[in-house]
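Q: Test case, fold it:
(chains A and B)
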Amino acid sequence: MSELTRETLTINMGPQHPGTHGLLRLVLELEGETVQRCTPVLGYLHTGIEKEMETRTYLQNVTLVDRIEYVAAYQEEMAFYESVERLLEIDPPPRARYIRILLCELNRIASHLIYLGAAALDLNLSSGFMYAFADRERFLDLSEMVSGQRMMPGYFRPGGVALDLPEEFFPAARAFLDDIPRRVDEYERLLDDNLIWRQRTQGVALLSREDAIALGTTGPVLRGSGVQHDVRKLLPYGGYDEFEFDVPMRPEGDAYARYKVRMEEMRQSRGIALQALERLPSGPVITDNRKIALPPRHELARSMEAVIHQFKLVSEGIHPPAGDAYVATESARGEKGYFVVSDGSNRPVRVHVRAPSFYNLQALPAMVEGRPLGDVVVAIASIDIVLGDVDR
Amino acid sequence: MDQASILDRLRPHVPWGLTTPREERGRAILLATPGVLVEVLQAAHVHLRLDCLVDLTCWDRLPATPRFEVVYLLGQAGGADRLTVKVQVDGDPPHLPTAVAIYPAAAWPEREVYDMFGLIFDGHPDLRRILMPDDWEGHPLRRDFPLTEEAVEFKGHTPKVPSEIIPFFRPHSPSGSGGDPPPVAG
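A: Purely as a prediction, here's the structure:
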C-alpha cells in the first residue's frame, strides 16, 4: 500500500453563517476533523462609526453609540457619557445615577438572555431560545416605557437622563425582577440536565488563565478562566460603589464555565437592580447646569435666558474643555470604554471604542486550534460576540 | 489605589529623562519618546505587574506635529492599577516598534491602527488591514481623509460632505458660530 499523504483542507466559514452570530468570516485549515489554524477575517459589519462620530455633536452621537453594541445599548450610552462627563468634570444627580445603573443592570440581564438563547440554539436546544427571548421581550417592554424605544433608546444625556421614569415602570420592573430567579433556575435546570449541552460545553473551547490575560479578554470570558476581574468592583464608576454584589468566577476556562458565570451574573444584576429600585433617591434626573442640559419646558415660556440656552444647546451643543478622557465600564461582554479627545469645540476630535467583543474574539484561535470543527460554533457562542461591537 | 504611586514605582526602571509623567483627572499618564517605548512597556509589565493591554489606539493631531499620538492603556488582571502610556510619532509613513512580544493582545489593535492611520509597527508578525477591504486606498481615520456621502444614482442628488450638513463651530469664534471647516484633503 502506498504511503498515505497528509494534506490540510482550507474551508471558509461565513460571513453568512448562522453560527457566527452576525457577519464574521473564519478561514479554517482542517486536517481531517481537527482545526489546525483559525484566521478570523473581520470588517463585514464595519460602518465607520468612529469616523462618523467626529462629525456629529456630543448630543447627536448618542444615536450612533447605541448601534455599536446594540443588544446592550444602555451600557453603551453609560460608557460614552461617563467619558464625556469626565471631560466636562460634572456628575449627574443621585437619582440619575441610580436610574442609569438600574437600566444598565436590566440590560445586562437581557443581554445574557440573548447569549443563553443563541448558545442553546447553536446546540439545537431550540426551546431554550424560545424561553430566553420571551423573557427578554419583557425588558424590551420596560425599555419602551422608559425611553419610547425598544432597542436603541437614546435615553442618557450628559449630566443625567432625558426623562424621569414613568409610573407604570415600577410595578412592571418589579414583576420582571421577581420572576428572574425562578426563570434563571429553570433555564439552568433545563440545560444542566441535558447531556448534550454538558458534553458539548464542558472541556470545550478551553482558554487558560494565562492566555485569557495575555490576549486581552475581559468580562465573562476572563472570569470564566479564573480571574476575578470586574470593572464595577475594581474601578467603580457612575455610583456602583454604593451597591452590594458578588463577582462570580469559575476556574475551568471552558464554554460551560462562561455559561455558569453568566447565569450567576443575571442573579447578581437582579440584586443590583432591586437595590436601585428600593433606594431610588428623589430629586432631578439631570444636572441643572444650563450649559450642558436643556432647560425644562416650563421655563421656556417665561425666561429669555432659558430660550437662549435652549437655542445654543440645540444648534451648537456642549463644548467640553480640550483634553482626553477614558472611563472603563463593565458591559455585558467585558470592559467597554470610550477614549474621547476634545479640542474644545462642539464635536469630538477622536472617539475610540474599546470594544470587548473585539479583544475577546482575538482569543478565538487559541480556543479552537487543535480541536474538532464542531467546537468552533460552541466557542463563538461562548464568547458572546456582537459583531457591531467588533467591527464598529 | 493611588494612581500617582504607579509613576513613582515605575521611575527607577525607565530612562526617566526621556518621558514626561502627568496626572490628569485621576489617570496616570506617561508620555514616552518612540525610542524608549518598548523599554517602558517592558518595565510596566515586569516591575509593575501590569499584565493586561486593555486598549491600544491612536489619534491624528493634525495640524500639530508630531502628527500621531498612540495611546497604550495598561491594566492588571484582577487589580485596579492603570497606566496610560502615550507616544507621539511623525513621518510618512510613521513607524513604531510593535508591542506584540510584550503584550500578545496588541496584535489586532495594532493592525487596526495601521488600517485606520497608516502607522507601521515594525516587527509585527502579521500587519495587514483588519476592518477595511484589502484593496482600500488611504487610511480613513486620518483627519484629512474626507468623509463623503456615497454616490447614489438618483437624479438631481449631489452628495454632501458632513461639514455642509452640520456647520462647524469653533469655541472662541467671534459670533460663537461659523469658523474654520475641518481640514479636507486638497
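
Q: going forward, measure contacts and count neighbours with C-alpha atoms only.
A: Noted.

Q: Strands of the stretch 101-250 of chain A, residue ranges please.
A: A:156-157, A:160-161 (DSSP state E, counting those that start in this stretch).

Q: Need the nearest residue in space to the spatially most central residue of chain B, chain neighbours excluded.
A: What sits nearest the mean C-alpha location of chain B, by C-alpha atoms, centre = their mean, is B:Cys58, with 1.1 Å. Among residues not flanking B:Cys58 along the chain, B:Val70 sits closest, at 4.2 Å (C-alpha to C-alpha, 6 or more residues apart in numbering or on different chains).

Q: Contact partners for that neighbour?
A: Listed by C-alpha atoms under 8 Å, 6 or more residues apart in numbering or on different chains, the contact partners of B:Val70 are B:56-59, B:86-89.

Q: May I ask which of these has the most neighbours?
A: B:Cys58 (27 neighbours; other C-alpha atoms under 10 Å in any protein chain shown).

Q: Can you pull out the low-pLDDT segments for chain A?
A: A:1-6 (pLDDT under 70).

Q: So which elements touch the longest helix along it?
A: Criterion DSSP state H: the longest helix present in chain A is helix A:94-122. The contact analysis (3 or more C-alpha pairs under 8 Å, 6 or more residues apart in numbering or on different chains; DSSP states H and E) places helix A:94-122 against helix A:73-88, helix A:126-147, strand A:160-161, helix A:255-278, helix A:375-383.

Q: ok now do the residue nearest to B:Gly118 when sequence neighbours are not counted, which residues does it touch?
A: Once flanking residues are discounted, B:Gly118 sits nearest to B:His139: 5.8 Å by C-alpha to C-alpha, 6+ apart. Contacts for B:His139 (C-alpha under 8 Å, 6+ apart) come out as B:115-118, B:145.

Q: so what's A:Phe156 up against?
A: Going by C-alpha under 8 Å, 6+ apart, A:Phe156 touches A:62, A:74, A:77-78, A:81, A:100, A:162.

Q: neighbours around B:Leu37, how many?
A: 22.

Q: cool, A:Lys291 as well?
A: 15.

Q: just A:Ala120 next, same as before
A: There are 21 residues near A:Ala120, going by other C-alpha under 10 Å.

Q: pretty sure it is touching A:Met130, no?
A: No - using C-alpha atoms under 8 Å, A:Ala120 is not in contact with A:Met130, being 9.8 Å away.

Q: on that earlier part again, make CSV from the helices and strands packed on helix A:94-122 and add mean neighbour count to it.
A: Output for the helices and strands packed on helix A:94-122, formatted as CSV (neighbours: other C-alpha atoms under 10 Å in any protein chain shown):
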stretch, mean neighbour count
helix A:73-88, 26
helix A:126-147, 18
strand A:160-161, 26
helix A:255-278, 21
helix A:375-383, 23
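
Q: quick one, which of the ones you listed is nearest to chain B?
A: Closest to chain B of the helices and strands packed on helix A:94-122 is helix A:73-88 (C-alpha to the nearest C-alpha; 7.4 Å).

Q: for the closest one, packing partners?
A: Counting by 3+ C-alpha pairs under 8 Å, 6+ apart, helix A:73-88 packs on helix A:62-65, helix A:94-122, strand A:156-157, strand A:323-331, strand A:334-342.

Q: closest one to A:Leu373 among the ones you listed?
A: The closest of those to A:Leu373 is helix A:94-122. By C-alpha to C-alpha, the value is 13.7 Å.

Q: where do the helices sit along the stretch 151-300 of chain A?
A: Applying DSSP state H, counting those that start in this stretch to the stretch 151-300 of chain A gives helices spanning A:169-192, A:195-201, A:209-214, A:219-223, A:231-234, A:255-278, A:297-300.

Q: residues in contact with B:His95?
A: B:89, B:119-122.

Q: Give me the buried subset of those.
A: Among the contacts of B:His95, those buried by neighbour count (16 or more other C-alpha atoms under 10 Å in any protein chain shown) are B:89, B:119-121.

Q: Name the residues that touch whatever helix or strand A:Gly388 lives in?
A: Taking DSSP states H and E as the criterion, A:Gly388 maps to helix A:387-391. Here helix A:387-391 makes contact (C-alpha under 8 Å, 6+ apart) with A:21-24, A:42-47, A:67-70, A:355-358, A:361, B:131.

Q: hmm, 6 Å instead?
A: A:22, A:43, A:45-46, A:68-69, A:355, A:357-358 (C-alpha atoms under 6 Å, 6 or more residues apart in numbering or on different chains).

Q: Can you tell me which of these is closest to A:Glu188?
A: Comparing these against A:Glu188 with C-alpha to C-alpha places A:Ser357 closest, at 24.6 Å.

Q: helices or strands up against the strand or helix carrying that closest one?
A: In the assignment (DSSP H and E), A:Ser357 maps to helix A:356-361. Judged by 3 or more C-alpha pairs under 6 Å, 6 or more residues apart in numbering or on different chains; DSSP states H and E, the packing partners of helix A:356-361 are strand A:334-342, helix A:387-391.

Q: Any residue of the next helix or strand after it touching chain B?
A: Once the chain leaves helix A:356-361, the next helix or strand it forms, by DSSP H and E, is helix A:364-368. No - for helix A:364-368, no contact with chain B is found by C-alpha under 6 Å from any C-alpha of the partner chain; the gap never falls below 11.8 Å.

Q: now do stretch A:228-241
A: Yes - against chain B, stretch A:228-241 shows contacts by C-alpha under 6 Å from any C-alpha at A:228-229, A:234.
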